[in-house]
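Peer 1: just to be clear, the model below is a prediction. Sequence and coordinates:
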Amino acid sequence: MANAGSANFDDASARITAERQRLDGLVEETRRRIEATQDPEGFDDTTTETSERSEQLILLENLETERTEVDAALERIATGTYGIDEETGEPIDPDRLEAVPTARTNVRR
């Protein structure tokens, strides 16, 4: 790979793997909350309950999207393309990868 040393990728891999585990926990917790607020009759009692359920569903969708990005970053590490801009083929700035380990591209100016 045409980017930083393997130690940096080992660190990125560890950070991204830890983030995957954190997201797994949050996804499961959010799913439990959704199930706990679901009315067995299929009707929510109040507007507040409906709103809370909607918020939990949006949160779950966002967490699953983040998890997809984490999985894609882990795949790039496995295939040796991590740290390479998907649009230009140039190395991604190490500071960007430090800030956003799942980054697919450099910041365009």
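Peer 2: Everything's here; your move. Please read these numbers as outputs of a predicted model, since none were measured by experiment.

Peer 1: now do residue 102: how many residues are near it, please.
Peer 2: Neighbour count for residue 102, taken as other CB atoms under 10 Å: 19. All C-beta atoms are positioned from the backbone trio N, CA, C, and that covers glycine.

Peer 1: quickly find the element holding it.
Peer 2: In this assignment (DSSP states H and E), residue 102 forms part of neither any helix nor any strand.

Peer 1: that one and residue 62, how far apart?
Peer 2: Taking CB to CB, to the nearest Å as the measure, residue 102 and residue 62 are separated by 14 Å.

Peer 1: likewise for residue 95?
Peer 2: Plainly put, residue 95 is 25 Å away from residue 62 if you go by CB to CB.

Peer 1: and the helix or strand where residue 10 lies, what does it pack against?
Peer 2: Residue 10 is part of helix 6-37, with elements assigned from DSSP H and E. Using 3 or more CB pairs under 8 Å, 6 or more residues apart in numbering; DSSP states H and E as the contact criterion, the secondary-structure elements in contact with helix 6-37 are helix 47-79, helix 94-99.

Peer 1: flag every buried residue along that helix.
Peer 2: With burial defined by 16 or more other CB atoms under 10 Å, the residues of helix 6-37 counted as buried are 9, 12-13, 15-16, 19-20, 23, 26-27, 30, 33.

Peer 1: where in the chain is pLDDT low?
Peer 2: Low-confidence regions of the chain, defined here as pLDDT under 70, cover residues 1-7, 39-46, 48.

Peer 1: count the neighbours of residue 78 for me.
Peer 2: The burial count assigned to residue 78 is 10, neighbours taken as other CB under 10 Å.

Peer 1: same question but for residue 73, I mixed them up
Peer 2: Other residues near residue 73 number 25, with proximity taken as other CB under 10 Å.

Peer 1: using a markdown table, lay out the buried residues of helix 6-37 together with distance to residue 49.
Peer 2: Below are these laid out as a markdown table (distance: CB to CB, whole Å):
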| residue | distance to residue 49 |
| --- | --- |
| 9 | 46 |
| 12 | 41 |
| 13 | 41 |
| 15 | 37 |
| 16 | 36 |
| 19 | 31 |
| 20 | 31 |
| 23 | 26 |
| 26 | 21 |
| 27 | 21 |
| 30 | 16 |
| 33 | 12 |
